[in-house]
Structures are given as C-alpha cells and as structure tokens.
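>>> Could you work out the structure for the sequence below:
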Amino acid sequence: PVGILNADLIREVNFYTGAFPTDKGNALSSVLDFKLRDGDMERNSLKATLGASEVSLASNGHLGKKTSYLVSVRQSYLQFLFDMLGLPFLPTFTDAQFKLKTRFDARNELTVLGLGGIDKMKLNTKADDEDNEYILSYLPKIQQETFTLGAVYRHYAGAHVQSVVASHSYLNNRNTKYQQNDESDPEHLMLRLRSTEQNTQLRLENSSSFRNWKVTVGTSLDYSQYSNTTFQKVYTDRAQTFDFTRLDVDGFRLAGTSQIRIGRLLDAFSFFQHHHMFGKQAPFKSIRMVKVDILTFFNRHVTTVFVV
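Below is the predicted model:
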C-alpha cells in the first residue's frame, strides 16, 4: 500500500495506544499523529522525484517575510506496470497536500493544512487467462475521492497558549460491478454502492504551564454525516436482488476535555462527550456517554469508564 502522505514533508510521528492527549479523546483504540515540517523561511526550493510507482513534485519556501509553505503533488503510473505484468486490476492514484503557516507577530500564528486524494481501480479485462478469470468475475471497479481541510490559530500569552481549530473531512466511495464485466446492458448490473462521509469539527483549547505542571482544558463540537445507497444482485441457486434504500445518518457531538501533567511522573486525563444523532434511519436518537479517567504513573495506566 501507498500512504496518502508524502514522507518528505513529515517532521515527526507519534503513536498513542492509550492515555490519549486531550485533543484526541474521541479515539477508540490508537492514534497515529503526524506533524509536518514548516517551510524554509530563507529560500525557495523545488524537488522532483521519479519512483518505482509514482512521480512527485514538491516545493517548500516562503511567501513574504511572515508566511512559509509546503506543497506536494503525486501521480502514480501503477496501471501501466500492472498491465505489463498481466494483472487483473489496474490501480492509480493522485494526491496533493499543502501547509501554509503565517506568524503575524511573536504571539499569534495561523496554520492552514490541506490533503486530498483520488483513487481509481479499473479491471484489466485483457488479462482473461485462467488464473485471472475468477478474480475478474467478482472484483468491482472502484472510485474514491477524499480530502481534509483545516486551520489552527494559536495565541501565545506567556505560560498560556489558546488554540482554535476548525476542520472538514470528506470521503466519497463508489463500487460498481457488472456480470461478465459487460457494461453495455443495464440488466447485467450486479453491484452499485455509493457512500459519502463528512465530518466538520470546531475545537477550543487552552494550555497552561506552571514549572513542571501542565494543565489543558478544551471543548469541541463535531457534526458528522453519512449516506449510503446500495444495489446488489447475488446469484446462488437462484438470483436474489438486494436494493437497500438510501441510508442517511447525521449527528452532533459535544465534548469537553481536561488534562493535568506533572513532568513525566503523572498524567491525569478526563473526557466527556454527548452524542445526538438524527435521520429517518438513525439507529438511535441520542447517547449520553462517556466519562473516562486515565491515570498514568511510571508508564502504567488505569482506565475507568462511566456510561450514563
């Protein structure tokens, strides 16, 4: 697999398996946190790379005296390699990302991030030998687009840092399959899946440091939307058709977090959230959940969960 992030732009990666920081309190199991480099404030540069599966173009530098930038675009040519090897599927991807950071003065800065990708997988019907015939009989054609756009404003006031974070994420997925891969006749349609996911988030946070003590308090409001339309025809001893009506689920989540850290000795974290989901097909109208207290002591932690 090829990651959507260009590794040349990554500054550091943190992997959390528990005792998540306050801004990641909604995680279920683990968190992989990527931090990107800042652009070069002294000179502009351009880098082109030709790899085994893709070609990429990256640039970093500055726009004026206060703004730095990073930008990267990649285009794969895997479909040509897979076609030459006679494989039954032809994947291709295009992705782009950027980072803009503006330091208005010593106390205020704004960072804008963007990430997007387009993935397509076509079927190589020319590779219809005996080994590939079975794979071509069930593998669907896949198209997917995804993007994330966000901004972070930070105000530095001595020992206190206030942050305002806004972001929006979008995923559009489409799977299509025709019997014998013949798209000329609508009656041959076996699978048509269309799904979209969207999430919009606003988070406010204050972090204060007092010698070895660090106290962080924040609140966030999320709006999520999911829709799905699926048509599927299954052949067993007889043909069966499953035509699922459109599924639409929307929901708000309001969360509050707090965290107290004393050097590396103790890390206490609390998290509370309230969900409200709506829509004709919503499985539930509201959830009151979850207060989690995590105490870390010498790299050992105890978790207490209260469900209301």
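>>> going forward, measure contacts between C-alpha atoms and count neighbours the same way
Fine.
>>> tell me which element residue 155 falls in.
strand 141-157 (DSSP states H and E).
>>> could you say what helices and strands that strand packs with?
Using 3 or more C-alpha pairs under 8 Å, 6 or more residues apart in numbering; DSSP states H and E, the elements in contact with strand 141-157 are strand 108-123, strand 160-178.
>>> any chance of those in JSON lines, plus mean neighbour count?
Formatted as JSON lines, these follow (neighbours: other C-alpha atoms under 10 Å):
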{"stretch": "strand 108-123", "mean neighbour count": "18"}
{"stretch": "strand 160-178", "mean neighbour count": "18"}
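>>> okay, those in TSV with distance to residue 72 next?
Conversion of the helices and strands packed on strand 141-157 to TSV gives the following (distance: least, C-alpha to C-alpha, whole Å):
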stretch	distance to residue 72
strand 108-123	10
strand 160-178	19
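>>> Nearest to residue 241, out of these?
With C-alpha to C-alpha, the closest approach to residue 241 among those belongs to strand 160-178: 13.6 Å.
>>> And that closest one, what does it pack against?
Against strand 160-178 (3+ C-alpha pairs under 8 Å, 6+ apart) you get strand 141-157, strand 189-210.
>>> What are the buried residues along the first one?
Residues of strand 141-157 classed as buried by neighbour count (16 or more other C-alpha atoms under 10 Å): 141-155.
>>> Tell me the gap between that strand and the middle of its chain.
8 Å (C-alpha atoms, centre = their mean, to the nearest Å).
>>> So, low pLDDT: which residues of the stretch 101-250 of the chain?
By pLDDT under 70, the low-scoring segments of the stretch 101-250 of the chain are 236-239, 244-246.
>>> what bridges to the residue nearest to residue 49 when sequence neighbours are not counted?
With sequence-adjacent residues excluded and distances taken as C-alpha to C-alpha, 6 or more residues apart in numbering, residue 49 is closest to residue 56, at 5.1 Å. In this entry, residue 56 is beta-bridged to residue 49, residue 74, by DSSP bridges.
>>> ok, now how distant is residue 56 from residue 8?
Residue 56 sits 11 Å away from residue 8, going by C-alpha to C-alpha, to the nearest Å.
>>> swap in residue 54?
14 Å.
>>> neighbour-wise, which of those two wins?
residue 54 (16 against 10; other C-alpha atoms under 10 Å).
>>> Surely the more buried one is in contact with residue 80?
No - here residue 54 lies out of contact with residue 80, judged by C-alpha atoms under 8 Å, at a distance of 10.9 Å.
>>> coming back round to it: now what about the strand holding residue 155, what contacts it?
With C-alpha atoms under 8 Å, 6 or more residues apart in numbering as the contact definition, strand 141-157 has outside contacts at 106-123, 161-177.
>>> and the residue nearest to residue 49, what does it touch?
48, 49, 50, 72, 73, 74, 75.
>>> Between which two of those is the distance greatest?
The most distant members of the contacts of residue 56, if one measures by C-alpha to C-alpha, are 50 and 72, lying 13.4 Å apart.
>>> Between these two, point out the one with more neighbours.
Remark: of residue 50 and residue 72, residue 72 carries more neighbours, 22 against 11, as counted by other C-alpha under 10 Å.
>>> Let me see the contact set for the more buried one.
Per C-alpha under 8 Å, 6+ apart, neighbours of residue 72: 6, 56, 57, 58, 59, 96, 97, 98.
>>> can I assume residue 83 sits in a helix?
Yes - counting by DSSP: H, G, I helix; E, B strand; the rest coil, residue 83 is part of a helix.
>>> Wait, it touches residue 123, no?
No - in this structure residue 83 lies outside contact range of residue 123 using C-alpha under 8 Å: 9.9 Å.
>>> orientation of the strand holding residue 155 relative to strand 108-123 in degrees?
For strand 141-157 against strand 108-123, the angle by axes from the mean of the first three to the mean of the last three C-alpha atoms, to 10 degrees is 170 degrees.
>>> Please work out the angle formed by the directions of strand 141-157 and strand 189-210.
Using the same axes, to 10 degrees: strand 141-157 against strand 189-210 is 10 degrees.
>>> Not counting its neighbours along the chain, what's nearest residue 144?
residue 173 (4.5 Å).
>>> That neighbour contacts residue 194, correct?
Yes - between residue 173 and residue 194 there is a contact at 6.0 Å, judged by C-alpha under 8 Å.
>>> hmm, back to that, and the contacts of residue 56 as a markdown table, adding pLDDT and distance to residue 128?
Output for these, formatted as a markdown table (pLDDT from 0 to 100; distance: C-alpha to C-alpha, whole Å):
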| residue | pLDDT | distance to residue 128 |
| --- | --- | --- |
| 48 | 92 | 37 |
| 49 | 89 | 34 |
| 50 | 89 | 31 |
| 72 | 94 | 37 |
| 73 | 94 | 34 |
| 74 | 93 | 31 |
| 75 | 92 | 27 |
